[in-house]
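Got a predicted structure here, sequence first:
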Amino acid sequence: MMDNSVVIVGSGLAGYAVARELRKLDSDIPITMLSADHGGFYSKPMLSNALSTGKTPQSILNSDAAHMASQLKISIRAYCRVTAINQSKNTLTLANGEEIFYDQLVLALGADQIRLPLQGNAVAKVLTVNDLDDYESFRDALIGKKRVSIIGAGLIGCEFANDLIATGYQVDVIDIGPQPLGRLLPPAGGVFIQQKLEAAGVVFHLDTATQSIDQIGQHLRLILNNGELIESDIVLSAVGLRPRTQLAERVGIQANRGIVVNRLLQTQFSSIYALGDCAEVEGKVLPFVMPITHAARALAATLAGNPTTVHYPAMPVMVKTPACPTVVSPPDFSINGEWQVVTDKDGVQALYHDDDGNLLGYALLGAATKERSNLTAQLPSVLE
Ligand SMILES: Cc1cc2nc3c(=O)[nH]c(=O)nc-3n(C[C@H](O)[C@H](O)[C@H](O)COP(=O)(O)OP(=O)(O)OC[C@H]3O[C@@H](n4cnc5c(N)ncnc54)[C@H](O)[C@@H]3O)c2cc1C
């Protein structure tokens, strides 16, 4: 049994950010990282622009688990899935039956890609990209192929569409909504980015759902609800994420959309914490890098003995669509307000103000992205 040992489950950006920040604060505290995957460190956002930036799955991997373990002076166990948390004993059960003790436990479990219930004999061929291993499979699948259909025109779907079209693939994007990036952009912004991606060659099929996917000879045939047929070589699904809450829920840890934590990143059990894509911090599930950075700093201080609440400043997200530079700082839509949109041929500036005229969020496209710093300075914090 170790003294004050910290066990981190997950080796994604969240797990590594906590390990790194904690090591800066305490050079001795024993840290063990358990990961269901290879345990190496890489930047997940690079996956959706790797083709056009000339990165391979191998070059995206920054450092393997052994190198990270020696750099951070932590113990890393790769391909080691946690199957149960035994909260009353402060132990974890691994897939091989082994038990691991913790004093403080950090859940950095990430999120699963949602899979739509589709019909057809080729549904199992639908790919998703949510980690480096998925990406390697996707890159292998692309070899010798030309046509890719993407289900979902959200941030990840649009980024992959841009990356694929820029590197010579034919790309169809299907979305049930009337515009791309429907959760992030007002309609004028959606129209603008759609036009830019169309000018680059992307074909959108909006306001319709994918009904079935069948293997027809060498290719795949998608049938859409509006009756259209798309012939494709590869289908990539990017329709959203579901935080991984099951492991926590099985031991009675509260979960809504994500694992429920307070501003200390603490679940209702004082020695169990969560952050990153799996966590819901004061009602907010924010599956992006910047919230992880802020949460990891606060959590590391808490784990090192100095209880520290997380604060989120405004955290704009760059959409990696070079065909249409885009940056968004989504407002809290639960606050009454409306978009004020200025569009010209070079860009769209959409500002979301509340009823008192306070700026709550923005969406900037094309030339309007140059206002980013100025506008970000005017935004309220996401969590004070
Ligand atoms: C293609 C793509 C592009 C993106 N681009 C951007 C961007 O431009 N900007 C931005 O801000 N965000 C972006 N994001 C989101 C961002 O990458 C994520 O928010 C972030 O990487 C999530 O990190 P995480 O550590 O919470 O989860 P993950 O990286 O998913 O890590 C979860 C870890 O938990 C492990 N695990 C899960 N269950 C278990 C278990 N039972 N036992 C042991 N280990 C387990 C997994 O193996 C994994 O190591 C992008 C995401 C994708 C998919």
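Done, it's in. Residues are numbered from 1 along each chain as shown.

Let me see the contact set for residue 284.
When contacts are counted by CB atoms under 8 Å, 6 or more residues apart in numbering, residue 284 touches 291, 312, 382, 383. C-beta here means a position set from N, CA and C on the backbone, and glycine is covered the same way.

again, but for residue 363
By CB under 8 Å, 6+ apart, residue 363 lies in contact with 184, 185, 186, 189, 326, 327, 328, 329, 330, 348, 350.

one more time with 7 Å, if that's ok
Applying CB atoms under 7 Å, 6 or more residues apart in numbering, we find residue 363 in contact with 184, 185, 186, 189, 328, 350.

With residue 26 instead?
When contacts are taken as CB under 7 Å, 6+ apart, residue 26 is in contact with residue 304.

and the gap between it and the ligand?
Look at residue 26 and the ligand: by CB to the nearest ligand atom, to the nearest Å, they are 21 Å apart.

who in the stretch 151-300 of the chain is up against the ligand?
The interface of the stretch 151-300 of the chain toward the ligand, taken as CB under 6 Å from any ligand atom, is made up of 156, 244, 247, 276, 277, 287, 288, 289, 290, 292.

picking up where we left off before, redo the contacts of residue 363 as a markdown table? Include secondary structure.
Shown next, in a markdown table, are those (DSSP: H, G, I helix; E, B strand; the rest coil):
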| residue | secondary structure |
| --- | --- |
| 184 | coil |
| 185 | coil |
| 186 | coil |
| 189 | helix |
| 328 | strand |
| 350 | strand |
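
about what we covered before: kindly reformat the contacts of residue 284 as JSON lines and extend each row with neighbour count and distance to residue 297.
What follows is these, written out as JSON lines (neighbours: other CB atoms under 10 Å; distance: CB to CB, whole Å):
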{"residue": "291", "neighbour count": "23", "distance to residue 297": "11"}
{"residue": "312", "neighbour count": "20", "distance to residue 297": "11"}
{"residue": "382", "neighbour count": "22", "distance to residue 297": "15"}
{"residue": "383", "neighbour count": "19", "distance to residue 297": "13"}
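
Closest one to the ligand out of the residues you listed, please.
residue 291 (7.8 Å; CB to the nearest ligand atom).

okay, that closest one: pLDDT?
Looking at residue 291, its pLDDT stands at 98.

Is it correct that it falls within a helix?
Yes - counting by three-state DSSP, residue 291 is located in a helix.

got the contact list for the closest residue to the ligand within the stretch 201-350 of the chain?
Of the residues in the stretch 201-350 of the chain, the one nearest the ligand is residue 276, at a distance of 2.4 Å by CB to the nearest ligand atom. Shown here is residue 276, whose contacts under the criterion CB under 7 Å, 6+ apart are 12, 13, 14, 108, 110, 292.

residues contacting the third one?
Counting by CB under 7 Å, 6+ apart, residue 14 touches 108, 275, 276, 292, 296.

If we use 10 Å, what do you get?
Residue 14 makes contact with 8, 106-110, 274-279, 289, 291-293, 295-296, 299, according to CB atoms under 10 Å, 6 or more residues apart in numbering.

Next: the first one.
When contacts are counted by CB under 10 Å, 6+ apart, residue 12 touches 35, 37, 41-42, 44, 108-111, 130-132, 276-278, 292.

Show me those that map onto helices.
Applying DSSP state H to the contacts of residue 12, the entries found in helices are 132, 292.

Filter the contacts of residue 12 down to the buried ones, ChimeraX style.
Buried residues among those (16 or more other CB atoms under 10 Å), as a ChimeraX selection:
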select :35,37,41,42,44,108,109,110,111,130,131,132,276,277,278,292
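
residue ranges of the strands in the stretch 1-150 of the chain, please?
Assigned by DSSP state E, counting those that start in this stretch, the strands in the stretch 1-150 of the chain fall at 6-9, 31-34, 41-42, 61-63, 75-77, 82-86, 91-94, 99-101, 104-107, 111-113, 147-151.

JSON lines for the ones you listed, including mean pLDDT and distance to residue 319?
Output for these, formatted as JSON lines (pLDDT from 0 to 100; distance: least, CB to CB, whole Å):
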{"stretch": "strand 6-9", "mean pLDDT": "98", "distance to residue 319": "30"}
{"stretch": "strand 31-34", "mean pLDDT": "98", "distance to residue 319": "31"}
{"stretch": "strand 41-42", "mean pLDDT": "98", "distance to residue 319": "20"}
{"stretch": "strand 61-63", "mean pLDDT": "97", "distance to residue 319": "23"}
{"stretch": "strand 75-77", "mean pLDDT": "98", "distance to residue 319": "33"}
{"stretch": "strand 82-86", "mean pLDDT": "98", "distance to residue 319": "34"}
{"stretch": "strand 91-94", "mean pLDDT": "98", "distance to residue 319": "37"}
{"stretch": "strand 99-101", "mean pLDDT": "97", "distance to residue 319": "39"}
{"stretch": "strand 104-107", "mean pLDDT": "98", "distance to residue 319": "28"}
{"stretch": "strand 111-113", "mean pLDDT": "97", "distance to residue 319": "18"}
{"stretch": "strand 147-151", "mean pLDDT": "98", "distance to residue 319": "15"}
